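Trainee: When you get a sec, could you give me coordinates for this:
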Amino acid sequence: MNLFAKLNCVKYLSDTEHNIIDLINKDPVAFTQMTIREISSLAFVSKATIYRFCKKLGYSGLNELKLMVTASYADQLQHADKKVDLNIPFGKTDSAFTVISNLRDLYERSLFLATTFISVKDLQQIAVDLIHAVNIIVFVDDEQLHVAKIFKDRMESCGARVTVPANLYQKISLAQSAGTQDIAIYASYHPVQKRHLELAKILKGNQVKMVVISSSDDHLLNHHGDRNLVVGPIDHEKDKIADFAITIIFQFLFDSIYSVFFKERYEENIENLRASYLKYRNI
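Mentor: From the prediction side, this is the model:
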């Protein structure tokens, strides 16, 4: 997770810890060059508070915090200001070269949005939860069904039981029949629609563990998640060429879930893939 996004997500911060965040945001480069004595003086905090703040963020100490400030700031400078329209990345008179260049920028910007807020710790725990799930139910918007089906095929090659409901009737039916040993992955960039919250309430009522993949500005749907993969917000426009950015983001996140899931039982999954390949080749 990008540090600056992480700072916006940390809960239960004290006033003195907010002083440290303000100092980082004011001049990230200068912060990395300060001694602990200088930080203590400028933020009006004790050295002990600084170390507690580092621990709260999951870092071993001030040096690791400074490294993350440097890496996150460089990441922002490289990607955050990409001048590309995510809804209409090219125009009628653009050359083929311009179209390709703009799409490359769109991919970079989309991946930045996909990774800026992501919690590696949550991603790791999601993979462990999926290993122990009896059934995995993937709820996505219609536009992303193809992404979910790719995820389903890959997970099933590793022995997981995955269902992707294709319409609202199937979604309601599966939500109502799901149980405590199942996991629902609920991924949507359009959570304001009433049906999303209704389905989430059904799942929570059945005590189904929920993994929610949604925008950072969607507080309602994120509230229902036992685990959350939060991604950067995208402006929704009626006029768009395609859902380029949303598709890239969801494909990346589902690929990430599958990859970490695969890694947890690496040797076993490699053997499963080899067996499937040999079986297919001999058909």
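Trainee: And for Lys152, the neighbour number?
Mentor: Burial measure for Lys152: 19 neighbouring residues, criterion other C-beta atoms under 10 Å. C-beta coordinates here come from the backbone N, C-alpha and C atoms, glycine included.
Trainee: What's the first helix or strand after the strand or helix carrying it?
Mentor: Lys152 is located in helix 145-156, with elements delineated by DSSP states H and E. Using DSSP H and E, the helix or strand that follows helix 145-156 towards the C-terminus is strand 162-163.
Trainee: could you say what helices and strands that next one packs with?
Mentor: With contacts defined as 3 or more C-beta pairs under 8 Å, 6 or more residues apart in numbering; DSSP states H and E, the packing partners of strand 162-163 are strand 136-140, helix 145-156.
Trainee: Check which helices and strands the longest one sits against.
Mentor: By that I understand helix 145-156. strand 136-140, strand 162-163, helix 244-264.
Trainee: so of the ones you listed, which one's packed in deepest?
Mentor: With neighbours taken as mean count of other C-beta atoms under 10 Å, those reach their highest mean count in strand 136-140, at a mean of 24.
Trainee: For Arg154, see how far away Ile126 is.
Mentor: For Ile126, the distance to Arg154 (C-beta to C-beta, to the nearest Å) stands at 15 Å.
Trainee: Settle it for me: which of those two has more neighbours?
Mentor: Higher neighbour count among Ile126 and Arg154: Ile126, with 24 against 19, using other C-beta under 10 Å.
Trainee: so who does that one touch?
Mentor: 211, 227, 229, 257, 260 (C-beta atoms under 8 Å, 6 or more residues apart in numbering).
Trainee: Among those residues, which one sits closest to Lys149?
Mentor: Ile257 (14.5 Å; C-beta to C-beta).
Trainee: Setting the sequence-adjacent residues aside, check what's closest to that closest one.
Mentor: Nearest residue to Ile257 in three dimensions, chain neighbours excluded: Ile126, at 6.0 Å (C-beta to C-beta, 6 or more residues apart in numbering).
Trainee: follow-up on the earlier one: buried residues, the helix holding Lys152. List them.
Mentor: By neighbour count on 16 or more other C-beta atoms under 10 Å, the buried set for helix 145-156 is 147-148, 151-152, 154-155.
Trainee: likewise stretch 69-76?
Mentor: For stretch 69-76, by 16+ other C-beta under 10 Å, it's 69, 72-73, 75-76.
Trainee: now these as a markdown table including distance to Gln176?
Mentor: Formatted as a markdown table, the buried residues of stretch 69-76 follow (distance: C-beta to C-beta, whole Å):
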| residue | distance to Gln176 |
| --- | --- |
| Val69 | 47 |
| Ser72 | 43 |
| Tyr73 | 47 |
| Asp75 | 43 |
| Gln76 | 44 |
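Trainee: Dump those to TSV, plus pLDDT and secondary structure.
Mentor: Shown next, in TSV, are those (pLDDT from 0 to 100; DSSP: H, G, I helix; E, B strand; the rest coil):
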residue	pLDDT	secondary structure
Val69	89	helix
Ser72	82	helix
Tyr73	83	helix
Asp75	76	helix
Gln76	74	helix
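Trainee: Tell me the one of those residues nearest Lys204?
Mentor: Once C-beta to C-beta is applied, the member of the buried residues of stretch 69-76 that ends up nearest Lys204 is Ser72, at 33.6 Å.
Trainee: Please report the distance of the closest one from Leu106.
Mentor: As judged by C-beta to C-beta, Ser72 and Leu106 stand 22 Å apart.
Trainee: Equivalent analysis for Met34, please.
Mentor: Distance from Met34 to Leu106, by C-beta to C-beta: 37 Å.
Trainee: cool, Ala133 as well?
Mentor: Distance, Ala133 to Leu106, by C-beta to C-beta: 34 Å.
Trainee: now Glu156
Mentor: In terms of C-beta to C-beta, Glu156 sits 31 Å off from Leu106.
Trainee: Of all the residues in stretch 127-135, which ones are buried?
Mentor: 127, 129-130, 133, 135.
Trainee: Stretch 204-220 now?
Mentor: 204, 208-216, 218.
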